[in-house]
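> give me coordinates for this.
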Amino acid sequence: MEWFENWFETPYYHILYQNRNSSEAVGFIENLIQTINLPQGKKVLDLACGKGRHSVTLAHLGFDVTGLDISKNSIEHARQYESHNLKFHIHDMRLPFNERFDCIFNFFTSFGYFENLEDNLKVLQSVSTMLNDDGTFVLDYLNVHHVKNNLVLTEKKTIDKIDFHISRTVKNGFIVKSIRVNDRQNNVNQLYFEKVADFSKDDLSALLHKAGLTLSAVYGNYDLREFHPNSSPRLILVCKKI
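Sure thing, here's the model as predicted:
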């Protein structure tokens, strides 16, 4: 079983990240839509949508939205938000979905999960296949240089009386987060992992090109400011289908 199939299906993943900034996400999406000039009513895909918070925002903004994620639990949760212009499906992002889209979004570092470089390339090839001609792909990734320069090696968080002991390292081309969950109320003491490839802008640009996608814009944070390799917290790539 892949690390994400194990970790994403647990309730602890959602407990640990329950305080993600929703207002920041809404502001980012609104700004992004305006910047890439995407008209209302267009057919869009939220790839690796999780519990659907970005998908819901896109639907409220007037788009025809599909959300895909490999996590059964996440999709079951997201389906409570379904409407005439919002649908969710369980799907492996390495495989093309049988619909075509004007724009595909991959938010919040939901890429680079696979040990094999070819599997990561398959994701981008699927994106290219699912895009309409002249379609747009937005990849919201971490800035590996910023992460490495500001790596918090260890920390402890206590949420809902559950202790999360977190450690981070860079190893064999991946940024690895180890998460020891200690839930005394339910007698759970379990170790989980997150692994994300330490792809640079040049690495991603090369992969995108192999998949038939080309960069049209690069931003360094959720305010869509200029990307600076050593200081920008994010690497947000806007791509067009070649």
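
> what about Glu24, how many neighbours?
Neighbour count of Glu24, defined by other C-beta atoms under 10 Å: 11. C-beta here means a position set from N, CA and C on the backbone, and glycine is covered the same way.

> an error on my part: the question was meant for Asn31.
Neighbours of Asn31 (other C-beta under 10 Å): 14.

> so it: helix, strand or coil?
Assigned with DSSP: H, G, I helix; E, B strand; the rest coil, Asn31 falls in the helix class.

> distance of it from Leu38?
Going from Asn31 to Leu38 by C-beta to C-beta, to the nearest Å gives 12 Å.

> now for Val181, how many residues are close by?
Using other C-beta under 10 Å, Val181 has 22 other residues around it.

> longest strand in this protein, please.
Counting residues, the longest strand found in the chain (DSSP state E) is strand 131-142.

> what's that one packed up against?
Contact analysis of strand 131-142 by 3 or more C-beta pairs under 8 Å, 6 or more residues apart in numbering; DSSP states H and E lists helix 22-36, strand 101-106, helix 201-210, strand 234-241 as its packing neighbours.

> what about the ones you listed, which gets the closest to Glu9?
Of all those, the one in closest proximity to Glu9, counting by C-beta to C-beta, is strand 101-106 (20.1 Å).

> now do the strands in this protein.
For the chain, strands defined by DSSP E occupy the ranges 43-47, 64-69, 86-90, 101-106, 131-142, 154-159, 162-171, 174-183, 188-197, 213-219, 234-241.

> gap between the residue nearest to Leu121 when sequence neighbours are not counted and Asp46?
The shortest distance from Leu121 to any residue other than its chain neighbours is 5.7 Å, reached at Leu207 (C-beta to C-beta, 6 or more residues apart in numbering). Distance of Leu207 to Asp46, computed by C-beta to C-beta: 21 Å.

> which of the helices and strands packed on strand 131-142 sits most buried?
Per residue and on average, the most neighbours among the helices and strands packed on strand 131-142 fall to strand 101-106, with a mean of 24 (mean count of other C-beta atoms under 10 Å).

> now do the contacts for the residue positioned nearest the centre of the chain.
Residue closest to the average C-alpha location in the chain (C-alpha atoms, centre = their mean): Ser110, at 2.6 Å. Shown in contact with Ser110 (C-beta atoms under 8 Å, 6 or more residues apart in numbering): Leu47, Ala48, Gly50, Asp140.

> any idea what the last one is bridged to?
Beta-bridge pairing for Asp140 (DSSP bridges): Ile236.
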